[in-house]
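what would the 3D arrangement of this be:
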Amino acid sequence: MQISAIYKLMGGDGDPGDPKALYNQARNMARKKAVADGEKQYDYKKHDVTKPSERPDKKTFVPTGEKNPMTGEAILREQWEPPVRAPFPIQKYIIQQKASFAAGNGIKLRPSDEQSRIFKDVYRNWYAIKADFYLRDIAKWQMADTQVGLIFFGEPGAESLDEFNFRFLLTGPSVDGATLEPVFDRYRRLTALGREYIDPDTGKTIYELYIAPNPDQPGSKPILRTYTESGSSYTDEELPYPKLNVIYWEQERPECDGTDVLIRELEFGFSDFLTQQGYSADPILFGKGRTINLPAKGSAGKFIEGSEDADLKFVTPENATESRELQFKLLQKYVFSLNRSVLLDLDTMQSLSEVSGAALDRYLIDAYMDATDRQQGEWGMGVQRMVNWMLAAWKDLRDVPTDKTTIDVSFTKYRVEDVRETVEMLLLANGQQPLISQEASISEAGLADDPSVEFERIKAEAQERQAAEAPPGPLNPAPQPEGGDA
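So this is what the prediction gives:
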């Protein structure tokens, strides 16, 4: 939907417009199916294996403790027992891991001019509001819910521009329960964003429509239209920003959508296994013929008495456990590999404890490649848009629209640092010569409160040892015994 069409529906310049049609157009952009699927996959409590309709209770017969007076057989009663319903939060594990790799150790802002006043404003603003801390959450909710939004606003109460910051609100289905409805033009540019949420103060449902500036009116600002009563009435507010103050991320389907069937099979298979274990994990006593009595629970000196044709055997599983183990390992392998993630459990980490950092990087290569794809794809472009918006907003705030400063985003890699391997490589490249001073190494170790004081103590102790180990001589007289002449 073109932005010009949106403003035509809004009315103005003698055109009555059609506010209700604009409201209905925006509401049609909801991604309810994809969002619902994503929420179901991410929240393991909503998995099919937890539903009694998918895993109904089992009918069992339990003894009442009484016997039939005619036959002597135990009297049984019917009882419904719930089977094991064990969901796995695998999607949550995978998404959180992939979000961590994508966010890495934050970003670096690389300006075209480091001395630019505008760059210094953006740099201070970015780190003052700790924007890096939100990158992981943005990636996580984009993968889990298939959409997440960010709304910029000016921080009130600043006494000067040097103290002022632009802040933002993170919003989305799992962030604050908001329904997001993006409106794009034919070139896939965001022209408006609808947001429905419940006001925590009043409990009323509010629908906001953030609309980009009107291209037919140079110098125009974004408009925030707030609808009430299902679009029957509204209020408009012009926002003091040069560009639409919304950044929006989405993806077509939930992140683990291609392996949800495998995860479902793993959950149902494991639940079946645990249910069966509840019945057969301990040896089962199978009786053939007539048993006169059985030992009571917890009684000492147990013995069983039977007739001549009685036969009692313990029933234990043979290969079922091994077969199940193979099934679970294969499912786990393909779930993680197809999602381009890795299982970092205790056993795996123990097996990797002796490998080098380079070998660990090779183990994590698929996770790194996925993170790179995300950084250079929709998610990374959204992060760049965040910086671009702040850049434009600060140019407008400083009233320097002709400033040519640009800022590129550079992502840092999340990896396990192998310091020993790095030092050995640098020593080899440096001809086995020292890389840093002794005092610097003390500081790098972080074991002393004051590295310079500790360095002086180390030198003093070294001099004392050297003096003690040196042979007696004119410059190093032997110690004299106390209380007499040498």
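
pick out the residue nearest the middle of this protein.
Gln96 (2.4 Å; C-alpha atoms, centre = their mean).

name the nearest residue to it, sequence neighbours excluded.
Lys140 (6.2 Å; C-beta to C-beta, 6 or more residues apart in numbering). Heads up, the C-betas are built off the backbone N, CA and C, glycines and all.

distance check, the one you found against Ala103.
Plainly put, Lys140 is 9 Å away from Ala103 if you go by C-beta to C-beta, to the nearest Å.

ok, back up a step: let me know whether the residue nearest to Gln96 touches Tyr93 as I believe.
No - when contacts are counted by C-beta atoms under 8 Å, Lys140 is not listed as touching Tyr93 (11.6 Å).

so for those two, which sits in the more crowded spot?
Counted by other C-beta atoms under 10 Å, Lys140 and Tyr93 do not tie: Lys140 has more neighbours, with 24 against 17.

please state the backbone phi and psi of Gln25?
Taking degrees, to the nearest 10, you get phi -60, psi -50 for the backbone angles of Gln25.

check contacts around the residue lying closest to it once chain neighbours are set aside.
The spatially closest residue to Gln25, leaving aside those adjacent along the chain, is Met1, at 6.2 Å (C-beta to C-beta, 6+ apart). Residues counted as contacts of Met1 (C-beta atoms under 8 Å, 6 or more residues apart in numbering) are 25, 183-185, 191-192.

now with 10 Å?
9, 22, 25-26, 28-29, 183-186, 191-192 (C-beta atoms under 10 Å, 6 or more residues apart in numbering).

and for Asp18?
Taking C-beta under 10 Å, 6+ apart as the test, what Asp18 contacts is 8-11, 24-25.

give me the neighbour count for Glu461.
Other residues close to Glu461 by other C-beta under 10 Å number 10.

secondary structure class for it?
Classification of Glu461 using DSSP: H, G, I helix; E, B strand; the rest coil returns helix.

quick check: it vs Ala468, distance?
With C-beta to C-beta as the criterion, Glu461 and Ala468 are 11 Å apart.

what number of residues lie near the closest residue to Arg385 other than its chain neighbours?
Of all residues not flanking Arg385 in the chain, Ile247 sits nearest, at 5.1 Å (C-beta to C-beta, 6+ apart). For Ile247, the neighbour count with other C-beta under 10 Å is 23.

which residue in the contacts of Asp18 has the weakest pLDDT?
On pLDDT alone, Gly11 ranks lowest of the contacts of Asp18, at 75.

ok, it touching Leu22?
Yes - with contact defined as C-beta atoms under 10 Å, Gly11 reaches Leu22; the gap is 9.2 Å.

between these two, who's got more neighbours?
Neighbour comparison, Gly11 and Leu22: the larger count goes to Leu22, with 27 against 13 (by other C-beta under 10 Å).

secondary structure of the more buried one: a helix, I assume?
Yes - assessed with three-state DSSP, Leu22 lies in a helix.

let me know the helix or strand that the nearest residue to it once chain neighbours are set aside is in.
In this structure, Leu22 finds its nearest non-sequential neighbour in Leu9, 3.9 Å apart by C-beta to C-beta, 6+ apart. Per DSSP states H and E, Leu9 falls inside helix 3-10.

run a quick neighbour tally on the closest residue to Lys46 other than its chain neighbours.
Spatially, and ignoring its direct neighbours in sequence, Lys46 is nearest to Lys40 (4.6 Å; C-beta to C-beta, 6+ apart). Close neighbours of Lys40, defined as other C-beta under 10 Å, add up to 16.

mind putting the contacts of Asp18 into JSON lines with distance to Ile75?
Below are the contacts of Asp18 laid out as JSON lines (distance: C-beta to C-beta, whole Å):
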{"residue": "Lys8", "distance to Ile75": "81"}
{"residue": "Leu9", "distance to Ile75": "76"}
{"residue": "Met10", "distance to Ile75": "78"}
{"residue": "Gly11", "distance to Ile75": "81"}
{"residue": "Asn24", "distance to Ile75": "67"}
{"residue": "Gln25", "distance to Ile75": "69"}
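
which of those residues count as buried?
8-10, 25 (16 or more other C-beta atoms under 10 Å).

those into a markdown table, with extra columns for distance to Ser116?
Below are the buried ones among the contacts of Asp18 laid out as a markdown table (distance: C-beta to C-beta, whole Å):
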| residue | distance to Ser116 |
| --- | --- |
| Lys8 | 39 |
| Leu9 | 40 |
| Met10 | 37 |
| Gln25 | 41 |
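
out of those residues, flag the one nearest to Val342.
Nearest to Val342 among the buried ones among the contacts of Asp18 is Gln25, at 43.9 Å by C-beta to C-beta.

ok, that closest one touching Leu9?
Yes - between Gln25 and Leu9 there is a contact at 7.2 Å, judged by C-beta under 10 Å.

tell me who's in contact with Ser410.
107-110, 375.

cool, Leu391 as well?
109, 111, 116, 118-119, 121-122, 125, 243, 403, 405-407 are the contacts of Leu391 under C-beta under 10 Å, 6+ apart.

please apply the same query to Gln251.
34, 38, 142-143, 145-147, 257, 374, 377-379.

filter the residues you listed down to the ones in helices?
If you go by DSSP state H, the contacts of Gln251 have 34, 38, 142-143, 145, 374, 378-379 in helices.

of those, buried ones?
Buried, going by 16+ other C-beta under 10 Å: 34, 38, 142-143, 145, 374, 379, out of these.

I'd like the residues you listed as CSV, with distance to Asn339 and pLDDT appended.
Listed next are these as CSV, based on distance: C-beta to C-beta, whole Å; pLDDT from 0 to 100:
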residue, distance to Asn339, pLDDT
Ala34, 17, 93
Gly38, 14, 94
Gln142, 15, 96
Met143, 10, 96
Asp145, 17, 96
Arg374, 13, 94
Trp379, 16, 95
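
between those, which is nearest Arg85?
Gly38 (21.8 Å).

nearest residue to that closest one in space, please, no chain neighbours.
Counting by C-beta to C-beta, 6+ apart, Pro254 is the residue found nearest to Gly38 once chain neighbours are left out, at 3.7 Å.

gap between the one you found and Phe336?
16 Å.

in terms of neighbours, single out the busier of these two.
Pro254 (23 against 20).

returning to that earlier point: wait, what's in contact with the residue nearest to Gln96?
Here Lys140 is in contact with 42, 92, 95-100, 102-103, 148, 174-175, 255 (C-beta under 10 Å, 6+ apart).
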